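**Student:** turn this into a structure:
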Amino acid sequence: MSPETILESAHPARHWHRLGDGRLQCDLCPRDCRLADGQRGACFVRMRQGEGMVLTTYGRSSGFCIDPIEKKPLNHFYPGTPVLSFGTAGCNLACKFCQNWDISKSRDMDRLMDRATPQAIARLAAENQCRSVAYTYNDPVIFAEYAIDTAHACRELGIANVAVTAGYIHAGARAEFFEPMDAANVDLKAFSEAFYWKLTGAHLQPVLDTLVWLRTHSQVWIELTTLLIPGANDDDRELAALARWVHEALGPDTPLHFTAFHPDFRLTDRPPTPPATLTRARDIALAAGLHHVYTGNVHDAAGGTTRCTGCGAALIERDWYRILNYRVTDDGRCPDCQTALAGHYTAYRGAFGPRRVPLKPH
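**Tutor:** Presented below is the predicted three-dimensional model:
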């Protein structure tokens, strides 16, 4: 992207302050980047420009697609509905195993060819009968101003908002970012500080703090995803500790997704996750008292099925992103025993299915 285009796309950024030495510190995430004029943060898209900070990707996207909500993954937030998904570029983590690295690690800003205002995105979602819009592919925390403005525009049209995020955000920015969000899938990448520092360049505690804040200070529906990497974060003791923490801090109805890793980016020396590892992790989490534990990135009907916490009946049966059978009432209850199912539900009119539909804003 040329310097002229950067200036054209730049949008005033919030959450920063001036240091005594004249640099500006970004206060959006725990990286606390300290910038001289013209310097960019670790995320690459937040930049100091003169005496202020700007977001250089406001109004620009790497593409728009309609996905099934199950792909986020969210299994308890309007199952079967279509979600308009988009992202920008850059990331505030440095995951060696990133599976969207071509977007999140991109420094080629010219790839952001799709331009759309927040209002245009909301209209695009409404025209295509999407129940929600997902801020995804790269972490929406780093394009917070664009995500927030779009989320408010969506709410005006009755469209819900979904943040797919690693949860690496400062306490001072959480309320503004999550206030217009209705659901979040948060990547809890491991339950080890050593893993976070070695493989993501970040820290575990801020993510845990974000999750607790979401549970105690917001109405955002939360689901968690942990990508299991052989030999890195799939130890039985760590998995048990993770599940116990989720049970105690977030509650037993919090859905937890264990998903399969495939070698990518800078972590190609590990094998793909065996399906048996996902099953073992799921069994450990269920034994810890969690009610809704799923396996992902694999064909596993048992690991994709949502069951009633009252009578144990299968309420939503899935194979990967495909819904095979749906028995939840319109008001989110088991039809057999009337136990309420945790999450958000609406009248079911058939599933969108596993397809992906690219769109162009207008």
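
**Student:** got a list of what F352 touches?
**Tutor:** 66, 68-69, 80-82 (Cβ atoms under 8 Å, 6 or more residues apart in numbering). To be clear about C-beta, it is placed using only N, CA and C from the backbone, and glycine gets the same treatment.

**Student:** tell me the one among the residues you listed nearest to G350.
**Tutor:** Nearest to G350, judged by Cβ to Cβ, of those is G80 at 6.9 Å.

**Student:** now the closest one: how far from A171?
**Tutor:** Look at G80 and A171: by Cβ to Cβ, to the nearest Å, they are 35 Å apart.

**Student:** could you do N325 as well?
**Tutor:** Taking Cβ to Cβ, one finds N325 at 42 Å from A171.

**Student:** before we move on, back to that, pick out whichever of G80 and A171 has more residues nearby.
**Tutor:** Taking other Cβ atoms under 10 Å, G80 and A171 do not tie; G80 has more neighbours (22 against 12).

**Student:** what does the pLDDT read for that one?
**Tutor:** Looking at G80, its pLDDT reads 97.

**Student:** that one should be in a helix, yeah?
**Tutor:** No: assessed with DSSP: H, G, I helix; E, B strand; the rest coil, G80 is coil; it does not lie in a helix.

**Student:** that one reaches G350, doesn't it?
**Tutor:** Yes: counting by Cβ atoms under 8 Å, G350 is a contact partner of G80 at 6.9 Å.

**Student:** how about C29: what's its closest non-neighbour residue?
**Tutor:** N92 (4.8 Å; Cβ to Cβ, 6 or more residues apart in numbering).

**Student:** what's the spacing between that neighbour and R237?
**Tutor:** 29 Å.

**Student:** which stretches of this structure have low pLDDT?
**Tutor:** Across the chain, the ranges flagged by pLDDT under 70 are 1-9, 100-113, 265.

**Student:** residue ranges of each domain in it, please.
**Tutor:** Listed domain ranges for the chain are 3-55, 60-359 (source: automatic domain parsing).

**Student:** surely P361 meets D114?
**Tutor:** Yes: using Cβ under 8 Å, P361 is in contact with D114, at 6.1 Å.

**Student:** who does the helix or strand Y294 falls within pair up with?
**Tutor:** According to DSSP states H and E, Y294 maps onto strand 293-296. Based on DSSP bridges, the pairing partners of strand 293-296 within the sheet are strand 256-260 (parallel).

**Student:** got the contact list for the strand it pairs with?
**Tutor:** Residues from elsewhere that reach strand 256-260 (Cβ under 8 Å, 6+ apart): 73, 75, 185, 223-228, 243, 246, 272-273, 275, 278, 281-282, 285, 290, 292-298.
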